[in-house]
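Asker: here is my input; please provide its structure:
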Amino acid sequence: MAIGNLGKLITFQTSDQRILTFSDMQQNVSGRWSTHNRIMRKPFGEFNGAELRSITFTINLDAMLGVRPRKTLEQIEKAVENGLTYPLIIGGKKVGKNKWAITKLSEKWDVIYQKGELAKATLNLSLTEYL
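Answerer: Residues are numbered from 1 along each chain as shown. Prediction:
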C-alpha cells in the first residue's frame, strides 16, 4: 500500500515485497517580521510575508525489507547534487503548495556485508520549499 512519494524519486510504501517508510517528519512554517523601534514606546512589528517552509525526516533503507539501499541512496545523492525538485505527497495529499528541494542529506551506513554490499542505511533528509 502506498503511503506517499517524493515525486518519482522515492515511493513510500508497505507491501509483502517491500517496506520503505519515513519517520520523525517535522515541518517548519514561519513568517518574516521586522521590528521598528519607536522612542518611548514599544517597538512596532511589521509582517513581511511568509518564509520558505522546511521539512526534515528520517528514512531507513533495509535490504531485508525489499529495498536496494545503495541504489536508492545514489539516486537521492544525485537529486541533491543536481538541485532537483519534487512534489511531496503523503496520504494522497500534497504537503504544501509547491515543490520541494532536498537541501541536505545525511547518511549512516548501518550494515555492510561481504565485498562492501550495503544492507542497511539510515538517511536524514532536509527539504526546503521551492518556488
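Asker: in terms of pLDDT, where does the residue lying farthest from the centre of the chain sit?
Answerer: Each residue of the chain has a distance to the centre, and by CA atoms, centre = their mean the biggest one is for residue 40: 45.9 Å. pLDDT for residue 40: 95.
Asker: phi, psi for it please.
Answerer: When read as degrees, to the nearest 10, the backbone of residue 40 gives phi 60, psi 20.
Asker: please apply the same query to residue 98.
Answerer: phi -120, psi 180.
Asker: ok, it - contacts?
Answerer: 129-131 (CB atoms under 8 Å, 6 or more residues apart in numbering). C-beta here means a position set from N, CA and C on the backbone, and glycine is covered the same way.
Asker: for those residues, which one is nearest residue 105?
Answerer: residue 130 (15.9 Å; CB to CB).
Asker: bridging residues for that closest one?
Answerer: residue 99 (DSSP bridges).
Asker: from residue 101, how far out is it?
Answerer: 5 Å (CB to CB, to the nearest Å).
Asker: hey, what's in contact with both of the two?
Answerer: If you check residue 130 and residue 101 against CB under 8 Å, 6+ apart, the residues they both contact are residue 85.
Asker: on the three-state scheme, residue 25 is what?
Answerer: strand (DSSP: H, G, I helix; E, B strand; the rest coil).
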